[in-house]
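S.K.: sequence and predicted structure below; questions after.
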Amino acid sequence: MSKEKKAQIIEALQVELSNCTIGILTDYRGLSNAGITELRRKVQGVGGTYKVVKNTLARFAAERAERPELAASFEGPVAIAFGHADIVQMAKVVADHVRSSGTTVSIKAGFLPERMLTAEDVNSLARLPSREVLLTRVVSGMKSPIWGLVGVLASPLRGLSGVLQARIEQLEGAQNG
């Protein structure tokens, strides 16, 4: 590989490392080309990319992206799933594929813009509900006390309305009788 080609690869990796919302490093041993292609399609389906990387070039890119803690993770065969949207969805896609592949493929580590993740951290992210489900839970949690307050405030008015209605019926009964 020429120096120019290596420089282009390092530059592209540096941009990906700097701009992604999540990166998940996997050991892709045991995956066939068809398996890698399948995982690539799944990752693209949630707005990401999956790239097999050369460790030396990836280390240079990590250093240039000011991610020196990431450089130590490039040992053995490594591929990176770069996510640019929902971090939970990306973690779910990769973790589900690793679980269902039936091979020795594994999650090595991960990273967010502000910190490194262990393989267990990535799996924990994968177990979280989706963003939409979490937002629904928050909104319903906020709505519940408001409805309770409305019920408490409306209760005296309902009581007063009931008393007035009973008095009206009593007066009508006295006039008819």
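M.R.: Happy to help now that I have it.
S.K.: setting the sequence-adjacent residues aside, check what's closest to the residue sitting nearest the centre point of the chain.
M.R.: Nearest residue to the geometric centre of the chain (C-alpha atoms, centre = their mean): residue 88, 1.5 Å. Distances taken as C-beta to C-beta, 6 or more residues apart in numbering place residue 128 nearest to residue 88, at 5.0 Å, with adjacent residues excluded. From N, CA and C alone the C-beta is placed, and that goes for glycine too.
S.K.: need the contact list for the residue nearest to the centre of the chain.
M.R.: Counting by C-beta atoms under 8 Å, 6 or more residues apart in numbering, residue 88 makes contact with 125-126, 128-131.
S.K.: and the helix or strand where it lies, what's buried?
M.R.: If you go by DSSP states H and E, residue 88 is part of helix 87-101. Going by neighbour count (16 or more other C-beta atoms under 10 Å), the buried part of helix 87-101 is 87-95, 97-98, 101.
S.K.: equivalent analysis for stretch 22-35, please.
M.R.: Buried-residue list, stretch 22-35, by 16+ other C-beta under 10 Å: 22-28, 31, 35.
S.K.: these in strands, which ones?
M.R.: 22-27 (DSSP state E).
S.K.: any chance of these in JSON lines, plus pLDDT and distance to residue 66?
M.R.: Below are these laid out as JSON lines (pLDDT from 0 to 100; distance: C-beta to C-beta, whole Å):
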{"residue": "22", "pLDDT": "91", "distance to residue 66": "17"}
{"residue": "23", "pLDDT": "91", "distance to residue 66": "14"}
{"residue": "24", "pLDDT": "91", "distance to residue 66": "20"}
{"residue": "25", "pLDDT": "91", "distance to residue 66": "18"}
{"residue": "26", "pLDDT": "89", "distance to residue 66": "23"}
{"residue": "27", "pLDDT": "87", "distance to residue 66": "25"}
